[in-house]
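sequence unknown, structure follows:
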């Protein structure tokens, strides 16, 4: 393109309104990238100074002095417009007072979303310095989203905490104090909460008792790993009368109690067993914690459950449950399925995923039909999906039982392992079963990825 032709080309982007340009620049990963746009033209020279999102990260900048100077300059030369999002990720700034000043500037500019990840190991990788959350964060009237990923201390004031906070994301990887226990009970309008972290990597890790008391909370996610296994585990006590979505992943399971949880819609539970301890004592501990947990989520309408050792719990009645996705390991397969069917009278959709056992126990378990057919099979259960089907005798017995006793079944889908069983053989065996529902359809897929292909029409 000649120089004359280049002059005739209209810069359509620069002609956009300021608000649109601010919005475009807010999608850049770092504020540093937004600042570099000042060299594009006179029109862009000061655009960066009004970008509503500021993201500072020293991960790619080993020179701490230049990083601090850059943040100071951005905040100093910025115009008077509000800061919508302020994200600071730092592991090199040793002067926490400087960081407090940056946070204060964001709060004075009516920050809505604040994300803090502040660490300073000060020469000791095992014991980072503690970052104390400033009181101004607790009392900020515009703050709606808060993310904390630091070795921090929280000392909330007695009243007036988080008047507008709707979403809180906390990552705790080295608890050195118990002040964080207070954080989840001073959020009067909180709707979304995520708690992640680990415990026990260091001997001096504090044992935390999390007390989540949030009257408006709708979604709660907990991801927690304990390296002390069963000896010194943290506890979770949850009081959220409006909770609708609860997602829990624990390795291993710790004490988790829910109360006033009558509005649950969707629950996902994954309880892992890191040491594969096959002792009766380990089974007993797992059962106690599993029993307490399941009692608290018995009002759920949809449940995903993966718990390798969960077999001897006293299960509650799931009288609202309409969808169950159950991950079964072949060391404890069928007794858990039987109990859940018996205690879910309104179950309409059942998904089973059959996995290999993790603990090395024998997988030779027979299906023993219950004395009475569960009521959900007789009047409610409409669809069944079985994944990981290998055609073993006990699996065939379960499929036969469900098909023969499902009086209102509309469809059974089997995803089978074509290395272990043949479609023609499965077709032959299913054709010999008695059917409880005349309108039921059976579909076979050699792999779950074939679900969008033409299904096999049999019978």
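Done, it's in. From a predicted model like this one, the values you see are computed outputs, not experimental measurements. Numbering: from 1, shown residues only.

contacts and neighbour counts: CA atoms only from here.
OK.

ok, and what's touching the longest helix anywhere in the chain?
Longest helix of the chain, by residue count under DSSP state H: helix 280-296. Contact partners of helix 280-296, identified using C-alpha atoms under 8 Å, 6 or more residues apart in numbering, comprise 230, 253-259, 261, 309-316.

just checking, what packs against the helix or strand following it?
Where DSSP states H and E defines the elements, the next helix or strand beyond helix 280-296 is strand 302-307. Packing partners of strand 302-307 (3 or more C-alpha pairs under 8 Å, 6 or more residues apart in numbering; DSSP states H and E): strand 266-271, strand 323-329.

in the stretch 101-250 of the chain, which spans are strands?
113-118, 131-132, 145-149, 152-153, 167-172, 192-199, 209-213, 219-226, 235-239, 245-251 (DSSP state E, counting those that start in this stretch).

Give me the secondary structure label for residue 442.
strand (DSSP: H, G, I helix; E, B strand; the rest coil).

separation between it and residue 414?
Look at residue 442 and residue 414: by C-alpha to C-alpha, to the nearest Å, they are 8 Å apart.

count of residues packed around residue 241?
Counted by other C-alpha atoms under 10 Å, the residues lying close to residue 241 total 19.

all numbers from here: first residue = 11
All right, first residue 11 from here; so that's residue 251.

for it, what are its contacts?
224-227, 269-273.

switch to 6 Å and redo it
270-271 (C-alpha atoms under 6 Å, 6 or more residues apart in numbering).

repeat for the one 10 residues further on
By C-alpha under 6 Å, 6+ apart, residue 261 lies in contact with 235, 282.

any idea how far it lies from residue 367?
Taken as C-alpha to C-alpha, the span from residue 261 to residue 367 is 16 Å.

go on, residue 78?
52 Å.

so residue 310 makes contact with residue 272?
No - using C-alpha atoms under 6 Å, residue 310 is not in contact with residue 272; the gap is 7.9 Å.

quick one: which of the two has more around it?
A direct count of neighbours by other C-alpha under 10 Å for residue 310 and residue 272 places residue 310 higher, at 26 against 17.

Give me the pLDDT value at the more buried one.
On the pLDDT scale, residue 310 is placed at 97.

Using the three-state scheme, assign residue 64.
strand.

and it, how many neighbours?
Residue 64 has 26 nearby residues by other C-alpha under 10 Å.

Specify the beta-bridge partners of it.
Beta bridges link residue 64 to residue 96, judged by DSSP bridges.

how close does it get to residue 113?
Distance from residue 64 to residue 113, by C-alpha to C-alpha: 12 Å.

re the thing from before, now do the buried residues in the longest helix of the chain.
Within helix 290-306, the residues that count as buried by 16 or more other C-alpha atoms under 10 Å are 293-297, 299-306.

which of the residues you listed lies closest to residue 387?
residue 304 (22.0 Å; C-alpha to C-alpha).

Isn't residue 454 up against residue 424?
Yes - with contacts counted by C-alpha under 6 Å, residue 454 reaches residue 424, the gap being 4.9 Å.

Distance check, the nearest residue to residue 74 once chain neighbours are set aside against residue 73.
Ranked by C-alpha to C-alpha, 6 or more residues apart in numbering and with sequence neighbours excluded, the top spatial neighbour of residue 74 is residue 102, at 5.9 Å. Distance, residue 102 to residue 73, using C-alpha to C-alpha: 9 Å.

Those two - which one has more neighbours?
A count of neighbours by other C-alpha under 10 Å puts residue 102 above the other of residue 102 and residue 73, at 20 against 12.

So that one versus residue 312, what's the distance?
45 Å.

ok now stretch 330-350, how far from the chain's centre?
21 Å (C-alpha atoms, centre = their mean, to the nearest Å).

what about residue 128, how many residues close to it?
For residue 128, using other C-alpha under 10 Å, the count is 23.

Give me the pLDDT value at it.
86.

residues contacting it?
Counting by C-alpha under 6 Å, 6+ apart, residue 128 has contacts 99-101, 160.
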